[in-house]
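Participant: Sharing a model that was predicted from the sequence below.
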Amino acid sequence: MGTFRIATYNVNSIRSRIHIIIPWLAENRPDVLCLQETKVADGQFPAGAFAEAGYQVIFRGAKQYNGVALISREEPQEVHYGLPDGGPADEDRLIAAVFSGITVVNTYVPQGRERETAPFAYKLAWYDRLRNFLAGTWSPAAPLIWCGDLNVAPEPIDVHDPKRLLGHVCFTPEVWEAYASVRSWGLVDVFRKHHPDETGRYTFFDYRVPGAVKRGLGWRIDHILATPPLAARSIRCDIDMNPRLAEKPSDHTVLFAEFTTA
């Protein structure tokens, strides 16, 4: 019996974080690494660095904004970019492919800026569009992972100060409901499966907050979710703080999970 290891990391500019990513790959050897906020036009994506490290890479991006990529040890199959429902495709926010029979849907969900604004309404609609895409394309009875920077902290234990932060666009009832609707298609939060009540575990620490990491002032907004048959095979899901403690880090860090394979 083997294992399938996947990780997700909002790099907040891939070219600014390549000094962290390549050594992390060498040390951890995931089967798939999902990246968000690559912030680079496709022509400038540093694909060569991943090829030299022995990895395949597919990506969609734009200069300075958004951007998603899948780094993998094997060639991706059934590659898909964006939402195909006739609205904005947002190819730089969603990339999906199949690896070892497991569908991986890597997303950078819109943050939403401020409530009561068009970008926030777009965020809520984006969750609905994603749910419709999942329901119209795959089955929750099949092995599928949805992961990435989902820009939602689903529970009070997912933020360092739930009373003060309530109402933020990533921690508010409207977003909880939209996120729960996607989950209701048939997805399990793998981190919470293994750490159901654990507090103080976060994937995002705002640059603007002095000493955020040392003071534990974080958010859990990066997630790995799996359909029930695959979640049942999960053996580990955890947060690696080393990338956030590295020199010139992203404001996010790495979340990873392992699953047994037949």
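Facilitator: Perfect, thanks for sending it.
Participant: Let me see the backbone angles for the closest residue to residue 81 other than its chain neighbours.
Facilitator: Spatial nearest neighbour of residue 81, chain neighbours left out: residue 91 (4.1 Å); criterion: C-beta to C-beta, 6 or more residues apart in numbering. Placement of C-beta: from N, CA and C, glycine included. Backbone torsions for residue 91, taken as degrees, to the nearest 10, come to phi -60, psi -20.
Participant: Neighbours of residue 91, how many?
Facilitator: Using other C-beta atoms under 10 Å, residue 91 has 19 neighbouring residues.
Participant: I'd say it and residue 58 touch.
Facilitator: No: with contact defined as C-beta atoms under 8 Å, residue 91 does not reach residue 58; the gap is 11.3 Å.
Participant: Show me where the stretch 151-262 of the chain has its helices.
Facilitator: Secondary structure of the stretch 151-262 of the chain (DSSP state H, counting those that start in this stretch): helices at 162-165, 173-184, 190-194, 212-215, 228-231, 242-245.
Participant: To residue 1, which of those lies closest?
Facilitator: Nearest of the helices of the stretch 151-262 of the chain to residue 1, taken as C-beta to C-beta: helix 228-231 at 14.5 Å.
Participant: Run a quick neighbour tally on residue 19.
Facilitator: A count of nearby residues for residue 19, using other C-beta under 10 Å, gives 13.
Participant: where does it land in three-state SS?
Facilitator: helix (DSSP: H, G, I helix; E, B strand; the rest coil).
Participant: Which pLDDT value goes with it?
Facilitator: Note on residue 19: pLDDT of 98.
Participant: Can you tell me which residue is spatially central in this protein?
Facilitator: The C-alpha lying nearest the average C-alpha coordinate of the chain belongs to residue 148 (C-alpha atoms, centre = their mean; 0.9 Å).
Participant: now the angle from the host helix or strand of that residue to helix 173-184?
Facilitator: Per DSSP states H and E: residue 148 is located in strand 144-149. Following axes from the mean of the first three to the mean of the last three C-alpha atoms, to 10 degrees, one obtains 150 degrees for the angle between strand 144-149 and helix 173-184.
Participant: Please tell me how far residue 135 sits from residue 141.
Facilitator: Distance from residue 135 to residue 141, counting by C-beta to C-beta, to the nearest Å: 12 Å.
Participant: Could I get the phi/psi values of the nearest residue to residue 75 once chain neighbours are set aside?
Facilitator: Excluding its sequence neighbours, the residue lying closest to residue 75 (C-beta to C-beta, 6+ apart) is residue 56, at 5.4 Å. Note on residue 56: its backbone torsions stand at phi -80, psi 160 [degrees, to the nearest 10].
Participant: can you pull up the bridge partners for residue 56?
Facilitator: Assessed by DSSP bridges, residue 56 has beta-bridge partners residue 72.
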